[in-house]
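**Q** How does the following fold in three dimensions:
(one chain, ligands or ions: 1)
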Amino acid sequence: MATASRPAVIAGNWKMHMTCAEARAFAQRFLPLINDLPGDRTIVLAPPFTALQTLSEALAGSPVALSSQNVHWEGHGAYTGEISPAMLLEHGVRYAIVGHSEPRKYFSESDEQINLRARAAQAAGLVPIVCVGESDEQREGGDTERVIRRQVEQGLQGLDPCQLVVAYEPIWAIGTGKTCAASEANRVCGLIRTWVGEPSLVVQYGGSVKPDNIDQIMAQSDIDGVLVGGASLDPEGFARIAGYQVAAPV
Ligand code: PGA
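**A** Next comes the predicted model:
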């Protein structure tokens, strides 16, 4: 739940979707739908690298911030397929997702590499969105807390927690339609904040977030936002997520 010290961050991760033409069409439909959003939330879109410039132009003057889906720790060099913080800043990017479970799984990214990426992002003035989360097997084996604590300790080492977003994304809930129970997601997000030791750390939940479960997720006391995959590709659906409503506490 957004608080004065922890404004909500609602981020859409487009993964390997959207050409430049599709990104432009998305922005045209999406922006008019979020005209009247309350000021307690930041909306972020993370398109593929190729659509950053198009989206940067299409979002100019809007309250939507841009994120990359990754960032390298070196400023330049022989790193085929990678991108540096300065290259992202040139396109108006403000956030960088690192440590998502897909590069962890498909490209064997380690917590050490993720930490290097996040530190380089912060040093350049980008806000890293560092993803952590356990697999199905790890949860079944009672290992959830140990796994996430290790990811937090190694992945967040040396980072300024006030220029950081952590996304708790249980791997078994990503793209599966299986949402983690809101109370359990809340418990883990609270643990992450306690382990980091910074009360103003923004902690998101991610994994099958949809228009029909966003209000319940955002009503949780320790969840400050969401990282949305599939449902962020639909302008109407993502606008509903961005416009989440939480009953005021009595
Ligand atoms: P999903 O993806 O919303 O499609 O489950 C979330 C993510 O991978 O960040």
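**Q** Can you mark which positions in the worst-scoring helix or strand of the chain on mean pLDDT are buried?
**A** When the helices and strands of the chain are scored by mean pLDDT, DSSP states H and E, helix 101-106 comes last with a mean of 92. Buried residues in helix 101-106, counting neighbours by 16 or more other Cβ atoms under 10 Å, are found at 101-104. Using the backbone N, CA and C atoms, a C-beta is placed for each residue, glycine as well.
**Q** count of neighbours near whichever residue of the chain sits closest to the ligand?
**A** In the chain, the residue that lies nearest the ligand is Gly229 (2.3 Å; Cβ to the nearest ligand atom). By the measure other Cβ atoms under 10 Å, the count of residues near Gly229 is 21.
**Q** Would you map the helices across the protein?
**A** Remark: helices assigned in the chain by DSSP state H are 20-30, 52-58, 85-89, 101-106, 111-124, 136-140, 144-155, 182-196, 214-218, 235-242.
**Q** Let's have the ones you listed in a markdown table, adding distance to the ligand.
**A** Below are these laid out as a markdown table (distance: least, Cβ to the nearest ligand atom, whole Å):
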| stretch | distance to the ligand |
| --- | --- |
| helix 20-30 | 16 |
| helix 52-58 | 18 |
| helix 85-89 | 19 |
| helix 101-106 | 7 |
| helix 111-124 | 15 |
| helix 136-140 | 14 |
| helix 144-155 | 15 |
| helix 182-196 | 13 |
| helix 214-218 | 11 |
| helix 235-242 | 10 |
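**Q** Quick one: these as TSV, columns for distance to Leu66 too.
**A** Below are those laid out as TSV (distance: least, Cβ to Cβ, whole Å):
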stretch	distance to Leu66
helix 20-30	11
helix 52-58	6
helix 85-89	8
helix 101-106	19
helix 111-124	13
helix 136-140	32
helix 144-155	23
helix 182-196	24
helix 214-218	21
helix 235-242	15
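**Q** Where does the prediction get shaky in the protein?
**A** 248-250 (pLDDT under 70).
**Q** hang on, isn't Ala219 packed against Gln245?
**A** No: in this structure Ala219 lies outside contact range of Gln245 using Cβ atoms under 8 Å: 9.2 Å.
**Q** Neighbour count for the two, which is higher?
**A** Between Ala219 and Gln245, counting by other Cβ under 10 Å, Ala219 is the more crowded of the two (16 against 11).
**Q** got the contact list for that one?
**A** 1, 182, 246-247 (Cβ atoms under 8 Å, 6 or more residues apart in numbering).
**Q** Pull out the buried residues from those residues.
**A** 1, 182, 246.
**Q** Name the member of these with the shortest distance to Val203.
**A** Met1 (11.2 Å; Cβ to Cβ).
**Q** Could you measure from the closest one over to Pro211?
**A** According to Cβ to Cβ, to the nearest Å, Met1 and Pro211 sit 18 Å apart.
**Q** cool, and Val93?
**A** 27 Å.
**Q** Tell me which of the two has more neighbours.
**A** Neighbour totals were compared for Val93 and Pro211, and Val93 leads with 25 against 17 (other Cβ under 10 Å).
**Q** who's in contact with that one?
**A** 52, 56, 66-68, 126.
**Q** repeat that with 7 Å
**A** 52, 66-68, 126 (Cβ atoms under 7 Å, 6 or more residues apart in numbering).
**Q** Most neighbours of all those residues, which one?
**A** Ser67 (27 neighbours).
**Q** for it, which residues make a bridge with it?
**A** Beta-bridge partners for Ser67, by DSSP bridges, are Tyr95.
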